[in-house]
Structure formats: structure tokens, C-alpha cells
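S.K.: Sequence and predicted model, in that order:
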There are 2 protein chains.
Amino acid sequence: MKRQPTIQDVATLANVSTATVSRALNSPDRVRETTRDAVQQAVQALGYTPDFGGQALASGRTNTIGAVIPTMDNAIFARALQSLQEELTTMGVTLLVATSQYDPEREEQQVRALLSRGVDGLILIGQARAARVYELLEGRAVPYALLWTTAPSGQQLSIGFDNSAAAAKLVTQALQLGHRRFAMIAGITKGNDRARARVDGVRATLADAGLTLEPPYLVEGSYDIEQTVGIARALISLPEPPTVILCGNDVQAAGVLKAVRQAGLSVPRDVSVLGFDDIELATAVDPALTTIRVPHRRMGRMAAHLLIGWIKTGQRPDSVQFDTDLIWRASLGPPPA
Amino acid sequence: MKRQPTIQDVATLANVSTATVSRALNSPDRVRETTRDAVQQAVQALGYTPDFGGQALASGRTNTIGAVIPTMDNAIFARALQSLQEELTTMGVTLLVATSQYDPEREEQQVRALLSRGVDGLILIGQARAARVYELLEGRAVPYALLWTTAPSGQQLSIGFDNSAAAAKLVTQALQLGHRRFAMIAGITKGNDRARARVDGVRATLADAGLTLEPPYLVEGSYDIEQTVGIARALISLPEPPTVILCGNDVQAAGVLKAVRQAGLSVPRDVSVLGFDDIELATAVDPALTTIRVPHRRMGRMAAHLLIGWIKTGQRPDSVQFDTDLIWRASLGPPPA
DNA sequence: TTGCGATATGTAAGCGCTTACAAATTTCAT
DNA sequence: ATGAAATTTGTAAGCGCTTACATATCGCAA
């Protein structure tokens, strides 16, 4: 790359010191208007852009926050990041995104990588991870926010919703319709507290109604359509097939719809299907999915504000918990007579 | 954040100079093995991580490449980025992602933002953008790659496929089945050369068969299911409805399926529907979509290699063009009798 | 052993920026 | 007008790292 103009060039052209240029750019109100204009003009004339390395080195800040999400392949994280990023951009902060592929080790690596790049703050999904990671964060005193979850400790900043209660809503609704034979295709719960909480919410609510949920009616699977088709096929060919199948997310629910269709059965006449997330897919499939609407965008926006607030003030803000809504669509109906 | 150990601390502990530490870390083979071990040990003991700012400032490199994509909401970009990122990670390079929301101005802003963060290279989607942007890039001599397209000039590095030819494949197939009344719901072509090329490919192939494609049979719409439903509804209620509807991508195709279903018609009996991209959605819907499989992952991987090669050697590599496959699924059938 | 080329290490000068602190200038009440 | 306070600007010391160059050490042929 060619040599770029430096702050010194701007200073010379504007006939001021580099300190003044720096101030004119970073805290304009600490500089007289006429000087500010002169600097602006010089900046324009030279096409000057501050060098990131120099800035980071001198100030100790990078104006960057990092996020480690499980995958970009799921619209739900993509969407939350989108609004997070939009919000950060307006505050002059850049977002660095890394993915863990739902692998705790990989997540840890990524956290380290982001830290070594000097991120001023970090966004992580969920709560379950090695204590080592939290120690690392606390050790460096890096502000961080946990999304998609509600941190139990109160010692951490979390911005999320109650996965368990949300899942319970679905069950309650199905119970009211008269369903008694439930099945659930959950996400992999290992290292994934959101998936676990959803299962727990379902089981607890069923227990209140005197029902249980055990294998083979409770299965874990990855968030993959084809794999889910296989699992669902097994469920509906059970001697006593469930009348309603709960899913870990909408993608799995789409897989179930497909399996049911392939089996020549109909949703919701023969079996009801419930999703989670309310991504676009939920209305693209037929029948449209009854699901839980998760406030991704609001989580993203809120995370941006709270984390930046923390970074600026040094004070950890209080956690936020959003409500979730049950979205009733055609995939849920009364059980077959 | 607390004070982190610096290279000086490591040097002192390992009883060598900072230069040696730097070398031991960055070009291990230029340091005797025993010294290297001593350094490694000190690094471990202190938990040292190089400071990004210092590194960037001193070396003039950031080991970062930037990508500006239209949106994260579309699985197709997400997926390409995923493999791009995986590949870059193995090379010790970080990926910085920004989105433009299909807005050229916004894209330009993002390019500037990435440049000012000192990215060593840049990845852009498509070819159509203000000359100003290319001048900026050339002016700074920043290596960049254009994805999803085949740069006509030969003066630019492109890694993509022939959108026009791919779209033509779909048309050819439909023609062979006997379709004569075509409609197309294209993406917004303004500032989007991929969308435009797909339209062009369709029209050219139709022209060869003595057919034309004009409004109202040719409509542009955003990649949004609900909006597409509206457009499709209008198409199928035309006095002479099309027997096949081509779409700008799979998301739009899903919208068409929905509209057809709502109209009480059936795909492909009453009308065939063709997508583009082959995202997961294509097999989640019913009937599954006949579509074009785009080599996202391969594009991502290749982009990583070529761009890094360019950065390292200073030599612009040759462009790469991938083939695309037509994936035949249930949404395409013969026209109604 | 000696000496020489090759290899390994150290020295020190920045890279471009921010920010205490000092110095200069302006403002304003008297 | 005057001087103290407030505001604006300049001076200069780093921030942590890389790297050209200088110096020291090593391996090995004679």
C-alpha cells in the first residue's frame, strides 16, 4: 500500500500541532471553531484517515467489540448481529464476529483471538462455558455480555429471555387443546444452556400436568433439516405416536413437517408441530409454524447499548430480560380424535 | 482492563532481547531452538499475547481482511463467509465483516471504514459500484477480490460463476419440458449485477426460442417472502398466467410457492417454480425447489487463498470461474395440458 | 588451532497517535 | 485597564512492537 498521510501532514498543512489535530478529530468541542475548520479542511485536502494501529497503541482502545456466535448459518444469530452492528456503527464502534460451530473449545480459542486483537468488549451467546473463560475475562477486566440467556448469578451482564418459560408456553397451549402424548426433538443440550432450558421448561410443565417426557419421546438432534427428518420419521412410526412434536427450533420443525408429509400424514390433523425462534422459515413452510417469537433484534440493540455503557463508564449495567410471545399458526391444532 | 505483560516482560524473563522474542514468535526458524523454548516458556508463564496495536503500527500489517456483503440475513452470504473465515483462520488472518444492505452508498462507507482500520485486503460482492470506490482501492493499492461475479475487465480479481449462464440452464430445461409462457420475479437489479445477469440470461435464452419476457411477466422485487407472495399472486391471476415462474433466488421462490398454495393451485401441476442458490430452504419447502446450486463454500475458500496470495506476493492472481449445477427437484414439471 | 562464512542475537530507531503538562491566549468581573 | 480564571494550543513523552544494522557466536574446513 502506498504511504498514507499522517497526522503530522495534516498538522503542518493546517498550521497547528499534532495534538490539536488529534483533539479537533476526537473531541471537537475542546478546540476553537476556526481551528477546527482549518483542520477539517486539511483532512479533506489530504484525504487523511487516522491509522488504526497508531490510534490503538496510543489510546489503549480499539473501538471494537467482539462477538462469538455458534454459527452464521442460522438466521437467528445473523439477525441479532445485524441490529447489534447497526447500533454499534452509529456509536463509532466496529463489530468483530467469530463463530464457534457450537464447539466450546473453539469458542474459547475465538475469545482468545478476539482478546488478543484488543477488543474493548465481548458478546457471547448463552451461559454454559468453561470457568476458565470467565476467569480470563475477569482477569483482563474486559466487559462482556451474555445473550440469549438470563445469567443466574447477577454477577454477569445478560440480555436475553427465559428459554424455559417460553418453551412452557407452547406446552401449556398444547395441553389446553387436549394433547396428552408429547414428543420433543431438542437441540444438542451439551454445552448449550438454551437448548437445555427449553427441555427443562417443557418437562416441568408436563410434570405439572402429570405427564412425563422420556426417550424415545425425547430426542436430541442437531439443527439440521435432513437429520431431523430421520428423527421425526422414527417418532411418528412409534406404536403410540405423539400427537404433538415440540422442536428445539424452527429448522427442526421444518424437518418434522417434511417427515410427516413424506409419511403421507397431515399437520396438524394427524400431529401438531411446534417450533421455536420464529425465523422467516416459519412462515415459508406449509403449514406455517406455531412458534415462539424471540426478540433477536431487541437483544442485539440492547446489548450494544449496555455493553458500550459499561465500557464507557466502567460500571456494569443491570441485566435485561425480554418477554417472548407465542405465535399461533396453522401447525398447531387439536389432537386427532 | 488491567495491564498486560509486554514483549519487554517476556524478554526480561527469558533473558533475551525484545528483538529475539519478536523473532521467536514471528519467524521461529530464525532463532536457535533453545532460545525459542526459553521464550515460549516465558510467554506461557506470563500469559503474554502480543498487543494488536503495537504490532500493526510497527509492521504496517494487520493480518485482517475485510468483507462487505449485502446482508447477513441471507444464508448464502453467511455460508460463503463461513468457509472464507475458516480458511483465513488457518492462515492466521482475521475476517472483518460489514454489511451494506444492498445500498451502494452504505457499501462505500463500509469500505472506507474497513480501510481506515487497516485491512490488508478486501472482499466485495459483485461488480457494480461507483468508479470512485475502485479508484480508492487502487489508490491505496489494497488487494481486493470480487465474489459472485466474473469481472469482465481481467484487470480485477474475481471469484465467481456465470450468473447469466446459470439462469439460462433453468430456462433451457423448462423449454425442453414444453413451457412457453414464462414469468420471472427478479431481484432488484439496480446496483446489483448478479440480479441483472440472471435476468439477461433468462431473456437471451428465451429470445433464442423466439420468446420474450416483458412486464407484467417480468417483475423485480426484494428478497422477501411476504413481498414476493404479493407479486406472485398478481402473476397467477393474470388472464394468461405463466406456466413457469423463475425467481431471483430461493427465498422468492418460497414466496411463490406460498402464493400458489394460497390460490388453491398446485406446484408443479398448475405452475412450475424455479429458484436460485440452493439454500437449505429449497428442500424445506413443499414441493422442493428446482434451483441452481451456487458453489458458495468453494468461492469462500478460493477467495481466501487467492487474496492472501496476492497480499503475500504482491502479484494479482488470475480470476476463477466456477461451474454451477442445476438441481432438479419437484417444483419443476411439464406445463399443464 | 585458526579463520571465515553462516547463523544467532542485540541495539536502537522509529511506526502514528494520544495525552499529561506547560505555555499562551482569551474572557470577563472588577 | 487589570489580573485571575477559563479556554485553547503546543511540547514531548511514551504506547508495544518490528526490523535494519551492528555485533557476537557458532560450525567447520584447512
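M.R.: Received, thanks.
S.K.: Please report the distance of A:Asp325 from A:Tyr223.
M.R.: 22 Å (CB to CB, to the nearest Å). Where C-beta positions appear, they are placed from N, C-alpha and C, glycine not excepted.
S.K.: and what of A:Arg23?
M.R.: From A:Arg23 across to A:Tyr223, the span is 50 Å (CB to CB).
S.K.: A:Asp286 - how many residues pack around it?
M.R.: Neighbour count for A:Asp286, taken as other CB atoms under 10 Å in any protein chain shown: 18.
S.K.: rewinding a little: for A:Asp325 and A:Tyr223, indicate the residue with more neighbours.
M.R.: Remark: of A:Asp325 and A:Tyr223, A:Tyr223 carries more neighbours, 23 against 13, as counted by other CB under 10 Å.
S.K.: So that one sits against A:Ala186, correct?
M.R.: No: A:Tyr223 is beyond contact range of A:Ala186, at 10.4 Å (criterion: CB atoms under 8 Å).
S.K.: Spit out the residues that contact the two alike.
M.R.: A:Gly248 (CB atoms under 8 Å, 6 or more residues apart in numbering or on different chains).
S.K.: residue contacts, the residue lying closest to A:Val320 once chain neighbours are set aside?
M.R.: Nearest non-adjacent residue to A:Val320, counting by CB to CB, 6 or more residues apart in numbering or on different chains: A:Ile159, 4.9 Å away. By CB under 8 Å, 6+ apart, the contact list for A:Ile159 reads A:Ala145, A:Leu146, A:Leu147, A:Met299, A:Met302, A:Ala303, A:Leu306, A:Ser319, A:Val320, A:Phe322.
S.K.: ok, now which ones touch A:Tyr102?
M.R.: A:Pro70, A:Thr71, A:Ile188, A:Gly191, A:Asn192.
S.K.: Between all of those residues, which two are separated the most?
M.R.: Greatest spatial distance among the contacts of A:Tyr102 (CB to CB): A:Thr71 and A:Gly191, at 13.7 Å.
S.K.: sorry, back to before: so the residue nearest to A:Val320, which of the three states?
M.R.: strand (DSSP: H, G, I helix; E, B strand; the rest coil).
S.K.: Give the bridge partners for it, please.
M.R.: A:Leu147, A:Val320 (DSSP bridges).
S.K.: Nearest to the spatial middle of chain A, which residue is it?
M.R.: Central residue of chain A (CA atoms, centre = their mean): A:Phe77, 4.5 Å from the mean position.
S.K.: How about that one: what's its closest non-neighbour residue?
M.R.: A:Ile69 is the one closest to A:Phe77 (CB to CB, 6+ apart), at 4.4 Å.
S.K.: give me phi/psi at the one you found?
M.R.: Main-chain dihedrals, A:Ile69, degrees, to the nearest 10: phi -110, psi 160.
S.K.: Let me know how buried it is, in neighbour terms.
M.R.: With other CB under 10 Å as criterion, A:Ile69 counts 25.
S.K.: Next: the one 10 residues further on.
M.R.: A count of nearby residues for A:Arg79, using other CB under 10 Å, gives 21.
S.K.: Check the spacing between it and B:Thr71 real quick.
M.R.: 10 Å.
S.K.: do the same with A:Val10
M.R.: Taken as CB to CB, the span from A:Val10 to B:Thr71 is 36 Å.
S.K.: Okay then, goodbye and thanks.
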